[in-house]
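A.B. asks: what would the 3D arrangement of this be:
(2 chains)
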Amino acid sequence: MNVLLSNIQRFSLQDGPGIRTTVFLKGCWLKCPWCSNPENIKTCLEEYVWGNEIKVFGFEMSIDELEKEILKDKKYYGDKGGVTYSGGEALLQIKSLEPMLKSLKEKRINQCIETSLYAPKENLEMACKYIDEYIVDAKILIEKSAKDIIGGELSIYLDNIKYLANHNNSIVLRVPLVNPYTVSEQNLFEIRKLVEEYQIAKIEIFRVHNLGEKKYSVLGRTQDVGLIIGEKAIEEIREYLGKEKVRVICI
Amino acid sequence: MKELVKKSRLFQYVRYVRYINIRYGRTHLKGKWVFLIMSLFKVRVYSKDDRFVKLLDEAYLDDNLLYQNKFFYYSIDPFKTTQKINGIIGNMSIDYGKVTDSSLNSLKENCNDKQIEIIDAIRKYANRIAAFLERKGSGDFDMAVQSYYNICDCKAANFQDAIQRILFINQIIWQCGHRLVGLGRLDKVLYPYYRNDLDSGALSEAKVRDMLREFLLTLHYDYWFKGDALSGDTGQIIILGGLNKEKEYEYNELTEIFIDLVKDLNKPDPKILLRVSSKMPRKLMVKALNCVKTGIGSPLFANDDVIIPALVQYGYKKEDACNYVTSACWEPMISGKSSEQNNCQKINYAMPLAEIIKNSYSYKISSYDELKEIYYMNLKEYIHGQVKRIYTRKYQEAPVLSVFTERINKEDISENTAIYNDYGVTTVGLSNVVNSFLVLKKLVWDTNEYTFDAIIKACITDYTGNDLLREKIKSMCNLFWGTDNEEVISLTNEILEKANLFIDQCQNRFSLKIKIGLSSPDYIAEGKKTGATPDGRKKGEPLGVHISSEGGRAYTEIINFASAVNTGGRNINGNVVDLMVSPGFIENNFDKFVDFMMISMEVGYFEMQMNVVSSKVLIDAKRHPEKFPNLIVRVWGFSAYFNELPEEYKDILIERALDNERAA
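C.D. replies: Residues are numbered from 1 along each chain as shown, chains lettered A, B, ... in the order given. Prediction:
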């Protein structure tokens, strides 16, 4: 079984607990204007021109090979660290990964997923059998704006998070701060409501950066990271969402 | 004879000009000439048989440090030295325990006449200093005066006395012309005195810190004079911590104080090396990383879990292996028992490859195995030539160092009388050869994309008009050296094994062994002599050195590679993993970085050092040196002020920092 990846990043320290290997799976339903990995959106290989060369975003890899790659850093994982599936939307290809997820679970490798939850529910149900930690995006929780700005059907998200919260309590909510899309008063209110409803204990907020600029330009697209958000505003958002449980991270 | 001396004087003048150059920079002509003219009048080079005695009799005592120091006296007269006749033994650490724990007279027992003469000269020199200090009437130096009077007759009386003695003998070693002199395991040597004084209430912890701060600054005082190949290359290394022969990790309060002080003083020299082990407490690693993250380049980490077994396997006695220190940078040697010259020759692995390329018309190479076979033939001839040169080397007598070195008889250590007298060779270019071979294998024989001749021709023409090929090769190399790919590791070990074998073949008649290591200062100089190589390296470009982080390789992957590279056999002469780290990276991920360091020791690297610096700062500092007078960087095995480095060294660091950040 093969999967379509864009990158495997070893010694990854920002994607979950401990030292990890992050696997970037290609393909995503959403089109967030601030996305920092635009090369991970399409579900196929993408050619681009770099200097005088034609290069390709994405490569196929068998899950056996992938597992071998993940296990190379096994010693560094310790009790907390492990592998993180990111993307793109990692849940979209999760079915292809199942034999590997199972094998890694047997080897007691901690498995984490970074997800927007915009994916078929059955994929999530399958993932829940193996995945230990969930880093879940909370982007736009207003139905119309979600559709207009990121191109997502909010009901899918809400349905999935409900399921997840009922089946797993290790959820970290990750909120990208994009002014005004995600930090409008109404959106923050909806996020807080979600946090309270599912008693989410950990939230990470982060500024969106434009380090993906080069990738955007070779793909012929543009990025919109929104307006600048000051330190004070960030502190206010932290306070609003529940100071104690909110960590400001830099990605 | 006189002519010869004159000539050697000329040589000395050139050296002084270089020191002055280092101190004032190339542009400061005024300072250069003033000093040169002064040196013409003041320089004395002692050459007769009694040269060391004469030198110590006449060395000028300067009072510069009297006004800034509270505890210790130290004075080197840079304008008096001994004539270089043969190689001068240096690049080693002595065991200062012999200086603190015994009187000089008690060492006479194991000394020949010449060495006894030196001890007497040291006594005279010490008395002269004591009288000088008394004459200056500075009450603060009472203890120092006592130290000088007593050094021949008693062991050190207390902590302060112990340090003053170390400084005194250190001063004499420099004065007698030995260079790159390490300090050894000072946390261990000084600890009994520290404990005793603290328990008796004679000293407070704060005063200990004051003393050690002054000690470090005093050693740093003649920085401009002590630099060897480059400013900063002083070899003043202090070895801290380490496993004992019961395999327990030993360190003490002084270990921590030294690390704290080096961090706070923010000077490139003296530098520290921390012997680490998976058995060490995490809190000590935390302290060490807090020091490294300031960008000072120190400490270098030496992994006892790997090094000690390798030393034992090589042939050191176990108890000695546990008491290893290093030569000026990273080459292990035994404290107080070695006169090993660990940096006495170099092997440039890329040279025989460049020769094949130059003479490619005379070879018919039609397969990867043939290529390797011809390379090994060339490598053998090259290594035999290099090794032969080691055996023809002669060293001049070194009575001062002999006094403090354990020997099999009373003769001088230049006669190979120390317990360990082996030689060490440093190497460059292994990464270039490994990458070149794999590039050729893939492009020529695996995929048939290019002919062998086409790539060789590209090298001969220095890649002119072949930018595309070169770019392609460069990005291929990201998958080779330094990765944990099995093919890369096995090729690396195969070449190392051949090198070991070729050295075996020229074992000399005194059965002095030769060690080799992957770390070397010669990557620029040797690079200049080496033609273009099939790994995309152009003619004259620097060669690969250490096990370096390139192409944004994950640190875990580099450590896996380093741990899989064979560091047994002869391969024990220093193997440093050299990491480039963005500032803030350690800080922002501190706990996880400590985890990484603790686990890495178990995985099994040999040695590790870090340059924590950003390209932005380096580029700015190159343009506006005046804005960064105190910017410190790690060069090969030492730290130095960035501003004092030659431009090519600055450029390499900038390029490496950019490379590291591009990948992030």
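A.B. asks: count the neighbours of residue A:108 for me.
C.D. replies: Counted by other Cβ atoms under 10 Å in any protein chain shown, the residues lying close to residue A:108 total 11. Yep, even glycine has a C-beta here, placed from its N, CA and C like the rest.
A.B. asks: mind checking the SS state of it?
C.D. replies: Under the three-state scheme (DSSP: H, G, I helix; E, B strand; the rest coil), residue A:108 adopts coil.
A.B. asks: do residue B:409 as well
C.D. replies: Secondary structure for residue B:409, judged by three-state DSSP, is coil.
A.B. asks: list the contacts of the residue nearest to residue B:600 when sequence neighbours are not counted.
C.D. replies: Nearest in space to residue B:600, with sequence neighbours left out and distances taken as Cβ to Cβ, 6 or more residues apart in numbering or on different chains, is residue B:559 at 4.7 Å. Residue B:559 is in contact with B:577, B:600, B:603, B:605, counting by Cβ atoms under 8 Å, 6 or more residues apart in numbering or on different chains.
A.B. asks: sort out which of those residues are in helices and list them.
C.D. replies: Restricting these to those inside helices, with DSSP state H as the criterion, leaves B:600, B:603.
A.B. asks: among the contacts of residue B:559, which two are most distant?
C.D. replies: The largest separation in those, counting by Cβ to Cβ, is between B:577 and B:603 at 10.9 Å.
A.B. asks: neighbours of the residue in the stretch 301-450 of chain B positioned nearest to chain A, how many?
C.D. replies: Per Cβ to the nearest Cβ, the residue of the stretch 301-450 of chain B with the smallest distance to chain A is residue B:305, at 13.5 Å. When neighbours are counted by other Cβ under 10 Å, residue B:305 registers 19.
A.B. asks: so it sits in a helix?
C.D. replies: Yes. Residue state for residue B:305 (three-state DSSP) corresponds to a helix.
A.B. asks: re earlier: for the residue nearest to residue B:600, give me phi and psi.
C.D. replies: Summarising the backbone geometry of residue B:559 under the convention degrees, to the nearest 10, its torsions are phi -70, psi -40.
A.B. asks: what residue in the stretch 51-200 of chain A comes nearest to chain B?
C.D. replies: Of all residues in the stretch 51-200 of chain A, residue A:73 sits closest to chain B, with a separation of 4.7 Å (Cβ to the nearest Cβ).
A.B. asks: report the contact partners of that residue.
C.D. replies: Applying Cβ under 8 Å, 6+ apart to residue A:73 gives the contacts A:10-11, A:19, A:21, B:554, B:556-557, B:560.
A.B. asks: narrow those residues to those that are buried.
C.D. replies: Listed as buried from the contacts of residue A:73 are A:10-11, A:19, A:21, B:554, B:556-557, B:560; burial here means 16 or more other Cβ atoms under 10 Å in any protein chain shown.
A.B. asks: rewinding a little: which one is the residue of the stretch 51-200 of chain A closest to chain B nearest to, not counting chain neighbours?
C.D. replies: Residue nearest to residue A:73 in three dimensions, not counting chain neighbours: residue B:556, with 4.7 Å by Cβ to Cβ, 6+ apart.
A.B. asks: would you double-check that that neighbour falls in a helix?
C.D. replies: Yes. Secondary structure assignment places residue B:556 in a helix (three-state DSSP).
A.B. asks: and the next helix or strand past the helix or strand containing residue B:115?
C.D. replies: Residue B:115 is located in helix B:113-136, with elements delineated by DSSP states H and E. Secondary structure here is assigned by DSSP H and E; on that basis, the next helix or strand after helix B:113-136 toward the C-terminus is helix B:142-150.
A.B. asks: which residues are in contact with the closest residue to residue B:605 other than its chain neighbours?
C.D. replies: Residue nearest to residue B:605 in three dimensions, not counting chain neighbours: residue B:562, with 4.4 Å by Cβ to Cβ, 6+ apart. Counting by Cβ under 8 Å, 6+ apart, residue B:562 makes contact with B:547, B:575, B:577, B:604-606.
A.B. asks: and which of the residues you listed is nearest chain A?
C.D. replies: After measuring the contacts of residue B:562 against chain A - Cβ to the nearest Cβ - the closest member comes out as residue B:604, at 9.8 Å.
A.B. asks: so that closest one makes contact with residue B:309?
C.D. replies: No. Taking contact to mean Cβ atoms under 8 Å, the distance of 10.1 Å between residue B:604 and residue B:309 leaves them out of contact.
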